[in-house]
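1. what would the 3D arrangement of this be:
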Amino acid sequence: MPVQDRVTILTSAVLLLIAAVAWVLVVLSSIHGEDMAMTMPVTVSDVLVFVASWAVMMTAMMLPSALPMIALYGAIQRRAIGASTRGVPVAVFTLVYLGLWAATGVPVYFAHMLMAALAGLTLSYGIAVILLAAGAYQLSPLKQVCLRVCRSPLGFLLGHWRAGRRSSLALGWSHAVYCLGCCWALMLVLVAAGAMGLPWVLLITAIVAVEKLMPGGEWIARIAGAALVLLGVTVALRPDLVAALRGAHAM
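-> Numbering: from 1, shown residues only. Sure, this is the predicted structure:
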């Protein structure tokens, strides 16, 4: 087996190991009842702890489905001839991707705080609106554009590859933005409707992986969107169902 192929396999194995460790931390946190809920007043340390926990969760959820793109980038980067044409190392490319997802923890924190301040019908109708909005986005052309990029690592790299380290950083950032555009609505559902509980973490991870990696992923995205719209309408008609959706974080 060529050395470069062995390096690609080793890189993929290391990234999967990182994702596995992140999953262990997420599951242990859930088993020990260490949710990500915060209290008022807001402090910098609260935000940092939340963002760190969110970053671990995003590593567990998003890294496996991003593996084909990262591994292909590494293979192309290693075959580049001359230092001037090489991009940044795979580790840096991956950190750009995970860094953007970790940064989303800041707005998610404040969204989580807002949801925690709501109760009763206000909370229920707020969740219904979020479910409807997320479902509509899943059905939108913009979702399909972002998903098409995520499902075609080779097409994305061939269309966006530019020689040099700065260009490869821009490439990593562009890939991360497309991934965020593809999955932000599902993450909003995770925070609002699922209260970041483990069952919802597993469900959203499965949807993201199937959308990106399996044949017919575009239709899976549309089916998930229709299901979210239906769930939103149901919650609007039956606000008490929010208790079942959010479990211990219901009200």
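2. which stretches of the stretch 101-250 of the chain have low pLDDT?
-> The stretch 101-250 of the chain contains residues with pLDDT under 70 at 248-250.
3. and if we set it to 50?
-> Applying pLDDT under 50 to the stretch 101-250 of the chain picks out residues 250.
4. skip ahead from the host helix or strand of residue 15 and say which helix or strand is next.
-> Here residue 15, judged by DSSP states H and E, is contained in helix 3-31. Using DSSP H and E, the helix or strand that follows helix 3-31 in sequence is helix 44-78.
5. tell me the helices and strands packed up against that next one.
-> Counting contacts by 3 or more CB pairs under 8 Å, 6 or more residues apart in numbering; DSSP states H and E, helix 44-78 packs against helix 3-31, helix 90-103, helix 105-117, helix 153-160, helix 165-192, helix 198-213. (Each C-beta comes from the backbone N, C-alpha and C, glycine too.)
6. re the thing from before, distance from the chain centre to the helix holding residue 15, please.
-> 16 Å (CA atoms, centre = their mean, to the nearest Å).
7. what angle separates that helix from helix 198-213?
-> Relative orientation of helix 3-31 versus helix 198-213 (axes from the mean of the first three to the mean of the last three CA atoms, to 10 degrees): 160 degrees.
8. so residue 12 touches residue 67, yeah?
-> Yes: using CB atoms under 8 Å, residue 12 makes contact with residue 67 at a distance of 6.0 Å.
9. let me see the contact set for residue 227.
-> Residue 227 makes contacts with residue 135, as judged by CB atoms under 8 Å, 6 or more residues apart in numbering.
10. in the helix or strand that contains it, which residues are buried?
-> Assigned by DSSP H and E, residue 227 falls within helix 217-237. By 16 or more other CB atoms under 10 Å, the buried positions in helix 217-237 come out as 217, 220-225, 228-229, 231-232, 235-236.
11. what's the first helix or strand after that helix?
-> Next along from helix 217-237, by DSSP H and E: helix 242-246.
12. contacts for that following helix next, please.
-> Residues outside helix 242-246 that contact it (CB under 8 Å, 6+ apart) are 123-124, 127, 193-195, 197, 235, 250-251.
13. which non-adjacent residue is nearest the spatially most central residue of the chain?
-> The centroid of the chain falls nearest to residue 62 when counting by CA atoms, centre = their mean (4.7 Å). Ranked by CB to CB, 6 or more residues apart in numbering and with sequence neighbours excluded, the top spatial neighbour of residue 62 is residue 101, at 5.8 Å.
14. any idea how far residue 87 is from the one you found?
-> 20 Å (CB to CB, to the nearest Å).
15. is it true that residue 25 touches residue 58?
-> No: Residue 25 is beyond contact range of residue 58, at 12.0 Å (criterion: CB under 8 Å).
16. higher neighbour count, those two?
-> residue 58 (22 against 15; other CB atoms under 10 Å).
17. got the contact list for that one?
-> Residue 58 sits next to 98, 101-102, 104-105 when contact means CB under 8 Å, 6+ apart.
18. in JSON lines, list the residues you listed along with distance to residue 44 and neighbour count.
-> Shown next, in JSON lines, are the contacts of residue 58 (distance: CB to CB, whole Å; neighbours: other CB atoms under 10 Å):
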{"residue": "98", "distance to residue 44": "22", "neighbour count": "18"}
{"residue": "101", "distance to residue 44": "21", "neighbour count": "23"}
{"residue": "102", "distance to residue 44": "16", "neighbour count": "18"}
{"residue": "104", "distance to residue 44": "18", "neighbour count": "17"}
{"residue": "105", "distance to residue 44": "13", "neighbour count": "21"}
